[in-house]
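In: how does the following fold in three dimensions:
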Amino acid sequence: MKAKKIIILVILTIISVSLFAQKKIDDDSFYERYSDIFSALSSSPVVNLPEGENAVRLLSISSYPCYIIKLVWTEESRTLVFTRGDEDGTKMVSQETIEVSKDSINEFLALIEEKDFYNQPTYIHNNGRDGETWFLEVNIDGRYKAVDRWLPMRGTEFLRELGRKLLRMAGKGRSQEEIEASKKAMENYNDNLKLRIKKK
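Out: Take a look at the predicted model:
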């Protein structure tokens, strides 16, 4: 009986430590990790916003020039700013401001809910030699959440869909039809490749 109590106590301790570690990660928000890039590309924080203002910000870092998509909206206005930096993220190369529709905002909000964004872990340690890092911050009605991922990593589909939606809103991404066509072409290529291998 005593051994059983000790085991239960150990399990509860492990759970408490894990929850504390996750809370620490969430509270930290990883902003400092990318603060130099945000500063160099003149992108203001989305953590503390005026009442009635909402914002989403996506930072993409890869072997190509980095970029930031920042979407800000209130009851009266809806603006998206696409900022491209250099390869090192040390200076701004270009910046575009786009007015977006209320329907686009509603579609993005629905996607946030569908992908259960607010319940995703802030950070998962898994980086590769190639690929891309996406840091997505969402602050809606004063509720802030950040997610940091290396792509392509298994389990990042939710983030890719949100990021692609922002890219399309910025006029930089492929349409859903183009994405589906590309997937189909890749599936056909793989099927043909399997057939050729079987014949050999």
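In: what does the pLDDT read for the residue lying closest to residue 75 once chain neighbours are set aside?
Out: In this structure, residue 75 finds its nearest non-sequential neighbour in residue 52, 6.7 Å apart by C-beta to C-beta, 6 or more residues apart in numbering. C-betas here are computed from N, CA, C, even on glycine. At residue 52, the pLDDT value in this model is 95.
In: next one: residue 175
Out: In this model, residue 175 is scored at 49, pLDDT.
In: please renumber so the chain begins at 695
Out: Understood, numbering begins at 695; the last thing we discussed is residue 869.
In: check contacts around residue 830.
Out: Residue 830 makes contacts with 750, 751, 752, 753, 840, 841, 853, 856, 857, as judged by C-beta atoms under 8 Å, 6 or more residues apart in numbering.
In: how about a cut-off of 6 Å?
Out: Contact partners of residue 830, counting by C-beta atoms under 6 Å, 6 or more residues apart in numbering, are 752, 841.
In: go on, residue 837?
Out: When the contact criterion is C-beta under 6 Å, 6+ apart, residue 837 has no partners at all.
In: who's it bridged to?
Out: Here residue 837 sits in beta bridges with residue 834, as judged by DSSP bridges.
In: next SSE downstream of the helix or strand harbouring residue 764?
Out: Assessed by DSSP states H and E, residue 764 sits inside strand 761-767. Note on strand 761-767: by DSSP H and E, the next helix or strand toward the C-terminus is strand 772-779.
In: the following helix or strand past that next one: partners in the sheet, and parallel or antiparallel?
Out: Later in the chain than strand 772-779, the nearest helix or strand by DSSP H and E is strand 786-793. Here strand 786-793 has these sheet partners by DSSP bridges: strand 772-779 (antiparallel).
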